[in-house]
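Undergrad: Got a sequence here, can you model it:
(one chain, ligands or ions: 1)
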Amino acid sequence: MGNFGKIAEVYSDIEKMNSHKEIVETLASFLKKLEPEDAGISAYFALGNIGPKFEDIDLGIGERLGIRAISSAYDVSKEDVSERFSELGDLGDVASKLNERQRSSMSIRDVFGQLIKIRDSTGDRSQIKKVSILSKLLEGSTPEEAKYIMRIVLGQLRLGFGEQFLIEAMALAFTDDRNNAGKIEDTYNICSDIGELAQSLAEQGITSLDSFSIKVGRPVRMMLAKRVDTIEKLNKIFPGEMAAEEKYDGERVQVHIDGDNIRAFSRRLEDISKQFPDVIEALRDGVRSEEIVIDGEIVAYKDSKIRPFQELMQRRRKHDVEKYIDNIPVAVFFFDVIYLEGRSLLQSSYPERRKQLEKNLKVTDKIKLSRRVVSPKITVIQDFFDECIKKGLEGIIIKSTSEDSVYQPGKRGWLWVKWKKEYAEGIRETFDLVVVGIYYGKGKRKTSFGALLCAVLNKEKGQYETFTKVGTGFTDDDLDELNTLLEEHLIDKVPANVVINKSMEPDRYVDPSVIIEVLGSQITRSPGHTAGKSDGKKGFALRFPRFLRTRYDKGPAEATTVREISDMG
Ligand SMILES: Nc1ncnc2c1ncn2[C@@H]1O[C@H](COP(=O)(O)OP(=O)(O)OP(=O)(O)O)[C@@H](O)[C@H]1O
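TA: Coordinates of the predicted model:
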């Protein structure tokens with residue numbers, strides 16, 4: 001058996017597992033035995049990809065072409081394949097059922113190489129080429145292999161775990177110590193390429209982490225801010241001078257510039273350059289350096305005024321982009337720089353980075369610097385905050401100016417603190433929740449869901465734990481949009497990284513990927529929910545939840561955490 005057969009075996013075992021520990025150990029013992037290059041590819045595969053997430057790889061094969069490939073591989077009519085597909089609901093299962101091959105010798109590299117060929121088939125007759133490569137792959141594989149090849153190609157692998165399990169497995173496999181997962185995650189936050197990281201760990205163990213640094217064109221996880229409940233606390237957090245910056249409510253953007261090559265990444269590390277060609281154009285002459293990585297917030301901006309978040313969201317589209325450029329003009333407010341002319345600035349202090357940002361940015365109508373005040377006095381910060389609120393902003397971000405005010409990729413620490421209008425008015429924070437289940441509707445909502453089962457992230461355990469059931473606040477448009485969005489993520493089995501109590505069992509499970517922002521009135525303890533539940537302690541639950549909006553800019557890793565809730569409760 002080639003080593004791709006081993007992958008298929010491991011996936012099949014993992015699909016039957018529910019325990020976090022068991023999955024991590026199974027993955028680790030498999031990864032450990034691989035050559036470094038295969039370990040790298042397997043890390044991509046495990047997350048259902050053939051490259052780093054930020055590359056947005058599209059193999060260009062949907063269900064229609066998938067059916068054609070299966071039909072030609074196993075000499076069965078397309079109608080038969082379609083019929084089986086409607087029965088089984090999964091083309092991976094269809095391929096596996098139709099395949100009769102007992103043995104194969106496919107290697108991980110063979111399969112990877114062919115999938116890359118499918119990705120790279122473009123131009124005339126590209127669909128025919130893609131189908132032919134896929135059909136040959138299916139023909140040469142065993143039933144189990146065919147199942148997972150099909151699922152990877154269609155982007156539907158979903159083994160029930162995410163990056164965190166894989167990072168733990170990598171720690172165990174390549175450093176023999178699961179406790180190194182934190183260090184590996186810190187490096188992953190900088191390099192964002194799970195395959196490269198796995199390969200390098202397989203080659204050189206934990207010391208390989210030192211060789212990673214920022215590379216222009218490869219996004220870095222963004223630094224986040226903690227919240228405080230009274231403004232007076234700022235003096236304790238920042239004993240000396242602090243910098244208060246305007247907080248813009250738009251979309252976070254990290255821009256990588258390497259000469260003429262300019263790319264913009266979202267907070268989920270997706271390449272959003274195509275959605276904002278006007279921003280890219282403005283940046284062509286917007287900086288004074290050849291190589292730079294800058295961090296900021298895109299906002300809708302008209303007649304020198306910042307417009308509401310909802311307007312910006314209309315720019316989040318892949319089609320008709322040109323039409324919207326004029327209707328919804330935008331500007332970017334930059335507030336940080338993390339790389340400059342061959343040098344990472346992650347370890348530089350905030351004042352030093354700010355100085356470099358001011359020096360290297362050319363302010364125009366579209367390119368701006370965040371406005372700020374620097375002072376040790378709360379009264380000055382308070383005045384600035386009042387002024388911001390009057391202007392219609394949502395609040396301020398207060399930043400440490402100390403020597404060690406480094407940039408912390410992917411961290412929500414005390415170096416940045418947010419202070420918003422809602423906190424000042426004593427209104428509770430909203431929650432960014434992961435949808436993990438749907439309940440069918442009754443009456444008017446018959447064709448749609450009636451309520452959503454939502455979870456928070458337990459970072460320590462690497463799992464999603466339920467927190468509330470949201471059934472109100474949806475407009476008809478919200479329902480349409482969410483039904484379409486969730487449709488793609490419905491699954492039949494509860495994933496291993498989701499914990500649901502029997503009493504909350506939804507009608508369908510949802511693969512953790514869609515984030516909604518929810519307002520609630522009170523956090524209580526309830527036996528029905530699993531958020532932060534431990535021996536003898538009931539889970540946290542949110543009472544009177546109300547849907548506010550879908551957070552397209554956030555992924556499941558950015559959901560509200562159990563720790564944040566327990567800090568509030
Ligand atoms: N001047 C600024 N400095 C840093 N971040 C800013 C600034 N202005 C706006 N922001 C945005 O505020 C976010 C920080 O708030 P937070 O870490 O809580 O993210 P969030 O969960 O999206 O916040 P919220 O839900 O409050 O919008 C940053 O991710 C960034 O997008």
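Undergrad: Give me the phi and psi for the residue in the stretch 51-200 of the chain that the ligand sits nearest to.
TA: The stretch 51-200 of the chain approaches the ligand most closely through residue 189 (14.2 Å), counting by C-beta to the nearest ligand atom. C-beta here means a position set from N, CA and C on the backbone, and glycine is covered the same way. Residue 189 adopts backbone torsions of phi -60, psi -30, taken as degrees, to the nearest 10.
Undergrad: what's the average pLDDT for the host helix or strand of residue 96?
TA: When elements are assigned from DSSP states H and E, residue 96 belongs to helix 91-98. Mean per-residue pLDDT for helix 91-98: 95.
Undergrad: the strands in the stretch 201-350 of the chain, which residues?
TA: For the stretch 201-350 of the chain, the strands defined by DSSP state E, counting those that start in this stretch occupy 224-227, 242-247, 251-258, 261-265, 291-302, 305-306, 330-340, 343-344.
Undergrad: what pairs with the last one, and is each one parallel or antiparallel?
TA: For strand 343-344, sheet partners with direction are given as strand 330-340 (antiparallel), following DSSP bridges.
Undergrad: pull the CA atoms of the helix or strand of the chain with the lowest mean pLDDT into PDB?
TA: Using mean pLDDT, DSSP states H and E, the weakest-scoring helix or strand in the chain turns out to be helix 421-424, at a mean of 75. Taking C-alpha atoms only, helix 421-424 is exported to PDB below (Å, rounded to 0.1, in the frame of the first residue of the first chain):
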ATOM      1  CA  LYS A 421     -19.700  53.700  23.900                       C
ATOM      2  CA  GLU A 422     -21.600  50.600  24.900                       C
ATOM      3  CA  TYR A 423     -19.300  49.900  27.800                       C
ATOM      4  CA  ALA A 424     -19.500  53.500  29.000                       C
END
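Undergrad: Quick one: name whatever helix or strand follows that helix.
TA: Once helix 421-424 ends, the next helix or strand along the chain (criterion: DSSP H and E) is strand 431-440.
Undergrad: average pLDDT for that following strand?
TA: 95.
Undergrad: Please give the centre-to-centre distance between it and its chain.
TA: 16 Å (C-alpha atoms, centre = their mean, to the nearest Å).
Undergrad: so after it, what's the next helix or strand?
TA: strand 449-458.
Undergrad: That next one - contacts with which helices or strands?
TA: strand 431-440, strand 463-470, helix 476-487, strand 515-519, helix 562-568 (3 or more C-beta pairs under 8 Å, 6 or more residues apart in numbering; DSSP states H and E).
Undergrad: For residue 217, find the nearest of the strands of the stretch 201-350 of the chain.
TA: Set against residue 217 and scored by C-beta to C-beta, the strands of the stretch 201-350 of the chain come closest in strand 251-258, at 5.3 Å.
Undergrad: Buried residues, that closest one. List them.
TA: Residues 251, 252, 253, 254, 255, 256, 257 are the ones in strand 251-258 that count as buried (16 or more other C-beta atoms under 10 Å).
Undergrad: Over to stretch 489-501?
TA: Those would be 489, 491, 494, 495, 496, 497, 498, 499, 500, for stretch 489-501 by 16+ other C-beta under 10 Å.
Undergrad: follow-up on the earlier one: ok, the residue of the stretch 51-200 of the chain closest to the ligand - contacts?
TA: Residues in contact with residue 189 (C-beta atoms under 8 Å, 6 or more residues apart in numbering) are 220, 221, 409, 410, 411.
Undergrad: From residue 324, how far off is the first one?
TA: Looking back up the chat, that one is residue 220. With distances taken as C-beta to C-beta, to the nearest Å, residue 220 is found 28 Å from residue 324.
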